[in-house]
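*Asks:* predicted structure and sequence below. I'll ask about it afterward.
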Amino acid sequence: MATRAAKDACDLLDADHRAVKKMFKEYEELTGSRARSAAQKKMDLAHQICHELTVHAQVEEEIFYPALREVMKDTDLLNEAEVEHASVKDLITQIQEMPEADEMFDARVKVLGEYVDHHVKEEKNEIFPKARAARKLDLVAMREQLETRKAELMGEMEEMA
């Protein structure tokens, strides 16, 4: 079986997907806990998930999607992905503005996880293969761009926190 020599942009984005999926799983486990510390852990984890997703969506929208639009004939998948991003961002805003005692908090985090899961499947099964098939796209160089921009955004968000 052939392996790609260098990690590319899709590998980086997929690593983000796996990291956030793990956080959603941790959150789900905490929802069953009766411990007092669980409420604060859930709140912290929910905000970390929102932070990660915000940065991830921004690097996709600034770098990944525009590059794909230049080389793909059919951009319907990218249009759908951007609409999905808008829905995710709306839920993130709601979660970040909610008091922790709000009874809808867990429901919003759960739905956010479902949206993200759906979006990830489409990227992994449809968008990434098309990106990798595009001859004019240097996904290895793009990975470096994404990493640099992601680090900048993470730094900016930490300064604001």
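*Replies:* Okay, I see it. Residues are numbered from 1 along each chain as shown.

*Asks:* show me how far stretch 96-108 is from its chain's centre.
*Replies:* 20 Å (C-alpha atoms, centre = their mean, to the nearest Å).

*Asks:* ok, now stretch 77-96?
*Replies:* 10 Å.

*Asks:* how about it: buried residues?
*Replies:* Neighbour-count burial for stretch 77-96 flags Leu77, Leu78, Ala81, Glu84, His85, Val88, Lys89, Leu91, Ile92, Gln94, Ile95 (criterion: 16 or more other C-beta atoms under 10 Å). C-beta coordinates here come from the backbone N, C-alpha and C atoms, glycine included.

*Asks:* so the first one versus Asp11, what's the distance?
*Replies:* To Asp11, Leu77 is 19 Å away according to C-beta to C-beta, to the nearest Å.

*Asks:* mind checking how far Gln145 is from Glu159?
*Replies:* 22 Å.

*Asks:* what helix or strand does the nearest residue to His47 once chain neighbours are set aside sit in?
*Replies:* Nearest residue to His47, sequence neighbours excluded (C-beta to C-beta, 6 or more residues apart in numbering): Gln96, at 6.7 Å. Assigned by DSSP states H and E, Gln96 belongs to helix 76-97.

*Asks:* and Gln145, by the same measure?
*Replies:* Element membership for Gln145, per DSSP H and E: helix 139-160.
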